[in-house]
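**Q** Quick one, what's the 3D model for this:
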Amino acid sequence: MKAKENYVTGEVIDSCVKIHKILGPGLLESVYETVLAFELRSRGFNVALQVPVPVNYEGIRLEVGFRCDMIVNDLVIVELKSVENVLPVHKKQLLTYLKLTGKRLGLLINFNSELMKDGIFRIAN
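**A** Alright, predicted model coming up:
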């Protein structure tokens, strides 16, 4: 399973670098989400967008209205940002999503970085 997750993250990162080179920083997060989903699907990946994440609390499943931006091949959560600075809360949010979904690996991608490599954060559960 780990090799599959690493392959998926590699392809997501490669796709993000390609998109960033073509479009550059500064667009809305929703634009990058749409383009990244298109790019990944063209590479043969299954991409789910705006996936609801329920919370199990004291044995009760609660639909609380928060969503993962993207889950690729039901393995890797991808959270997209287009912000001046990635804050610690953004990383904590992704880690919480990983815990709640039982996924092991996530990527936090900030397309508003000057260099894409500076906007990629790999978070493991």
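
**Q** Need phi/psi at the one residue sitting closest to the centre of the chain.
**A** If you average the C-alpha coordinates of the chain and look for the closest C-alpha using Cα atoms, centre = their mean, you land on Val78, 1.0 Å from that point. Reported as degrees, to the nearest 10, the phi and psi values for Val78 are phi -120, psi 120.

**Q** hang on, it packs against Gln50?
**A** No - between Val78 and Gln50 no contact is recorded; they are 11.7 Å apart, counting by Cβ atoms under 8 Å. In this view, the C-beta of every residue, glycine as well, is placed from N, C-alpha and C.

**Q** Now list whatever residues contact both of these two.
**A** By Cβ atoms under 8 Å, 6 or more residues apart in numbering, Val78 and Gln50 have these common neighbours: 68-69.

**Q** for the residue nearest to the centre of the chain, what are its contacts?
**A** Contact criterion Cβ under 8 Å, 6+ apart gives 12, 36, 68-72, 106-107, 109 as the residues in contact with Val78.

**Q** Let me know the pLDDT of the closest residue to Leu98 other than its chain neighbours.
**A** The shortest distance from Leu98 to any residue that is not its chain neighbour, by Cβ to Cβ, 6 or more residues apart in numbering, is 3.8 Å, and that residue is Asn125. Here, the pLDDT recorded for Asn125 equals 90.

**Q** wait, what's in contact with Asn125?
**A** By Cβ under 8 Å, 6+ apart, the contact list for Asn125 reads 95, 98-99, 103-106.

**Q** repeat that with 7 Å
**A** Going by Cβ atoms under 7 Å, 6 or more residues apart in numbering, Asn125 touches 95, 98-99, 103-104.
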